[in-house]
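>>> structure, please.
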Amino acid sequence: MKSKKLSEQIIKTFKSNGFVLSEPDVLLDSEYIIQRSGENFRRSMLTFEDEEGKVMCLRPDLTVASCIKFLETKSKSKIYYSGQAYRRKNKKGSDLVNDQLGIEILGSKNKLQDEFKIIKTILRSAEKIKSKKIQLKVGDISLFKRLINSLDMPERWKLRLIRHFWRPSYFEELLDRLDKNSDIDSVTFDTDKKRFYEMKNMEQDKIIAGRSVSEILKRFDKKIKDPRSFTEGKKIARIIKSFLKINCKLSQLDTSLLKFIKDNNLKQNIFKEFKSIQNLKRLNKEVIFITNFGRNIEYYTGIVFEIYSGQKEIARGGRYDDLLKSLGAKKNIPAVGAAINLNNI
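Numbering: from 1, shown residues only. Take a look at the predicted model:
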């Protein structure tokens, strides 16, 4: 009963802010999701075969399910949902079913305005249902990408670090190899070359793990042609590690980034535009900025955030401008959203 009343309070807040109910499908084509959203989902999916032998899954993520419905039905672009996501977890005893209430703005007309709308709406909802102090932690994946692209290192390393940023343990291995100036072994490189020539004969528009064959070939081509020698790895690894240690109040972020730039002799304009984060000063709340943040979901592309009540994370969200294209849209569609985890309330 208590849970029902809390849900009603949250939904009332969603509606008063202009969000319209959308009910994404519970059953999804698992191969469609894996091909277009990446292998990360495969490990967490609860799958089964239907009567025709097609592999289906219970929706592992309500954002992905909402995006699929948006593309299939041209539904409203400012939506809320109430339902369950079904995912295997690495931790023993973790819930397979996550009860969620979330909001999404798909096809953002004004990115800054829509991000602020999402965060403010979720914050208001959290404040209505929790008595403990609410804390907001934020990061921005795009700042990491700007740093990597500004550094003087081979293109293959830039692509590699950006692509695997969402996999913290493997990313640390990459940094260790970079620090030791140790590139991929010759066997792996030869395998890449072989795969490259195989894929040249494939249909170029075919989607594999969220990318077209032609996009993958471009990446392979850069990787194969890029010079193998690179002696500045230790210095680059040190800079990246230093960046990922930044953890401060939003009010101190300008000073922290300027110090980081000065200490590492970097160009002054690397972070010249991070309005998404600075815009949060309008909330008049204590906001903690963490560079090493928002790395557990592959599809985030910009601002990411989590809301805590005491030690419990009760909501999370962020910007994911590439997801709709990976799910079948003809071009990237700006999108931002967040969900409250009712299991933690």
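>>> quick one: residue 14 and residue 122, what's the gap?
Distance of residue 14 to residue 122, given as C-beta to C-beta, to the nearest Å: 9 Å. To be clear about C-beta, it is placed using only N, CA and C from the backbone, and glycine gets the same treatment.
>>> between the two, what contacts are shared?
Each of residue 103 lies in contact with both residue 14 and residue 122 under the rule C-beta atoms under 8 Å, 6 or more residues apart in numbering.
>>> of these two, who's got more company?
A side-by-side neighbour count of residue 14 and residue 122, using other C-beta atoms under 10 Å, places residue 122 first with 28 against 25.
>>> how about the strands in the protein?
Assigned by DSSP state E, the chain shows strands spanning 20-21, 27-29, 47-49, 55-58, 78-86, 97-106, 134-140, 207-208, 211-212, 247-249, 287-290, 303-309, 312-319, 335-341.
>>> neighbouring strands - and their directions - for the last one?
Which is strand 335-341. Strand 335-341 pairs in its sheet with strand 97-106 (antiparallel), strand 312-319 (antiparallel), by DSSP bridges.
>>> how about those strands in TSV, adding mean pLDDT?
Shown next, in TSV, are the strands paired with strand 335-341 (pLDDT from 0 to 100):
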stretch	mean pLDDT
strand 97-106	92
strand 312-319	91
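>>> now mean neighbour count and distance to residue 50 too, for the ones you listed, in CSV please.
Written out in CSV, the entries for these read as follows (neighbours: other C-beta atoms under 10 Å; distance: least, C-beta to C-beta, whole Å):
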stretch, mean neighbour count, distance to residue 50
strand 97-106, 23, 21
strand 312-319, 22, 32
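>>> so which of the ones you listed is nearest residue 59?
When the strands paired with strand 335-341 are compared for distance to residue 59 using C-beta to C-beta, the nearest one is strand 97-106, at 10.5 Å.
>>> quick one: low-confidence ranges for the stretch 151-300 of the chain?
Residues of the stretch 151-300 of the chain that meet the criterion pLDDT under 70 lie in 182-193, 209-210, 222-230, 273, 295-296.
>>> re the thing from before, what's the closest of the strands paired with strand 335-341 to residue 262?
Proximity to residue 262 (C-beta to C-beta) singles out strand 312-319 among these, at 28.7 Å.
>>> what does the closest one rub up against?
Taking C-beta under 8 Å, 6+ apart as the rule, strand 312-319 contacts 102, 111, 115, 118-119, 122, 125-126, 130, 141, 276, 294, 297, 300-308, 334-341, 344-345.
>>> and stretch 160-168, by the same measure?
Contacts of stretch 160-168 with the rest of the structure, by C-beta under 8 Å, 6+ apart, involve 40, 141, 144-145, 148, 170-171, 174, 178, 240, 295-298, 300.
>>> can you pick out the most distant pair from the residues you listed?
Between any two of the contacts of stretch 160-168, the greatest separation by C-beta to C-beta is 24.0 Å, found for 178 and 297.
>>> of these two, which one has the most company?
A side-by-side neighbour count of residue 178 and residue 297, using other C-beta under 10 Å, places residue 178 first with 24 against 16.
>>> filter the contacts of stretch 160-168 to the buried ones?
Buried residues within the contacts of stretch 160-168, counting neighbours by 16 or more other C-beta atoms under 10 Å: 40, 141, 144-145, 148, 171, 174, 178, 240, 295, 297-298, 300.
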